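Visitor: All I have is the shape, not the residue letters:
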């Protein structure tokens, strides 16, 4: 496969993943969707950035001044498929902008997690990591940290029955136990590095809530109870039009599409979809293999160009 084809693959795969991401998030079991789509998004973002960087470097290396500094033969670099100068400049500008966006998103995500961890340290729990706030606004969310906390307001507890409270707390506990916050941070980072993946990041956020729903329904062994608890918690939260904004980094049971999630709980558990999961896995492996092939082919080309430069000088 030529270098140009290798460089094009991550861009095509990223666009395809962005288009198919929402459907994949709905079709795959939530737990599988969270892990598989997050891995696919991260690999796709890294591969796209690497391909753009290689394209920019390959075009820059053909500039006589740069090739002289690197001791590369321009004739060898110009032989066969090569990256046009205009495409190289565009690739360089794009990868620089995306790298800056990813760095800013990484800093913001790190700041959110650190802030949540510091808040967790200062909160006194009522046992088992549960913090009950005396608040008239119905709310419940999970805060990540070394010792994460489940925060629920007294108004939310009063709005639910005892069994419904079990569902709500099991949902929030699932977020902490399965590290859902980290998957969302990685997905958002990948979307910042490759904007084509933004639909995938949204699909992962929805799958995270669906995964916690399924875990809670399994724990109480009653899918209808879980759906009812989710619906009533959502109605209670929506009853306050000027609800305070949830803390950054927190995951709340009623933050996503409650109606769709309640309908999913009223249906049978999602099927495994092994073939679909295998196809996504194959795309991840193919993208990784293409990036490795790109690196090796680029290295051989520059080694040949350097050897030719040395012979002629």
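Guide: Structure's in. What do you need? These figures come from a predicted structure and were not determined experimentally.
Visitor: C-alpha from now on. contacts and neighbour counts both.
Guide: OK.
Visitor: Stretch 233-243 - what's its average pLDDT?
Guide: If you average the pLDDT over stretch 233-243, you get 76.
Visitor: contacting residues around that stretch?
Guide: Under the criterion CA atoms under 8 Å, 6 or more residues apart in numbering, residues 137, 138, 139, 156, 159, 160, 254, 258 lie in contact with stretch 233-243.
Visitor: what about the fifth one, how many neighbours?
Guide: Going back to what we said before, that points to residue 159. Applying other CA atoms under 10 Å, we find 17 residues neighbouring residue 159.
Visitor: Let me see the contact set for the most centrally placed residue in the chain.
Guide: Residue closest to the average C-alpha location in the chain (CA atoms, centre = their mean): residue 187, at 1.1 Å. Going by CA under 8 Å, 6+ apart, residue 187 touches 38, 41, 42, 200, 201, 204.
Visitor: Most neighbours among those residues, which one?
Guide: residue 204 (32 neighbours).
Visitor: That residue contacts residue 38, correct?
Guide: Yes - with contacts counted by CA atoms under 8 Å, residue 204 reaches residue 38, the gap being 6.9 Å.
Visitor: tell me, what's touching the two both at once?
Guide: Common neighbours of residue 204 and residue 38 are listed as 183, 187 (criterion: CA under 8 Å, 6+ apart).
Visitor: Need phi/psi at residue 149.
Guide: The phi and psi values for residue 149, taken as degrees, to the nearest 10, are phi -130, psi 140.
Visitor: still on that earlier bit, show the subsequent helix or strand relative to the host helix or strand of the residue nearest to the centre of the chain.
Guide: Using DSSP states H and E, residue 187 sits in helix 180-193. Per DSSP H and E, the first helix or strand lying C-terminal to helix 180-193 is helix 198-220.
Visitor: Output the contacting helices and strands for that following helix.
Guide: Applying 3 or more CA pairs under 8 Å, 6 or more residues apart in numbering; DSSP states H and E, one finds that helix 198-220 makes contact with helix 3-27, helix 30-60, helix 162-177, helix 180-193, helix 223-238, helix 258-266.
Visitor: residues contacting the residue lying closest to residue 21 once chain neighbours are set aside?
Guide: Nearest non-adjacent residue to residue 21, counting by CA to CA, 6 or more residues apart in numbering: residue 200, 4.6 Å away. Going by CA under 8 Å, 6+ apart, residue 200 touches 17, 18, 21, 22, 25, 37, 41, 187, 191.
Visitor: The second one contacts residue 202, correct?
Guide: No - contact criterion CA under 8 Å: residue 18 and residue 202 do not qualify, at 10.2 Å.
Visitor: Those two: which is more packed in?
Guide: Using other CA under 10 Å as the criterion, residue 18 and residue 202 rank with residue 18 on top: 23 against 18.
Visitor: Which residue is the nearest non-sequential neighbour of the more buried one?
Guide: In this structure, residue 18 finds its nearest non-sequential neighbour in residue 197, 4.7 Å apart by CA to CA, 6+ apart.
Visitor: quick one: that neighbour from residue 53, how far?
Guide: 19 Å (CA to CA, to the nearest Å).
Visitor: So for these two, which residue has more residues nearby?
Guide: residue 197 (29 against 19).
Visitor: ok, now which ones touch that one?
Guide: Per CA under 8 Å, 6+ apart, neighbours of residue 197: 14, 15, 17, 18, 41, 45, 190, 191.
Visitor: The first one touches residue 195, doesn't it?
Guide: No - Residue 14 is not in contact with residue 195 according to CA under 8 Å; the separation is 9.4 Å.
Visitor: And for the nearest residue in space to residue 85 that is not next to it in sequence, the neighbour number?
Guide: Leaving aside its chain neighbours, residue 85 sits nearest to residue 59 (5.2 Å; criterion: CA to CA, 6+ apart). Other residues near residue 59 number 21, with proximity taken as other CA under 10 Å.
Visitor: now the one 3 residues further on
Guide: One way to gauge burial is a neighbour count; for residue 62, by other CA under 10 Å, it gives 22.
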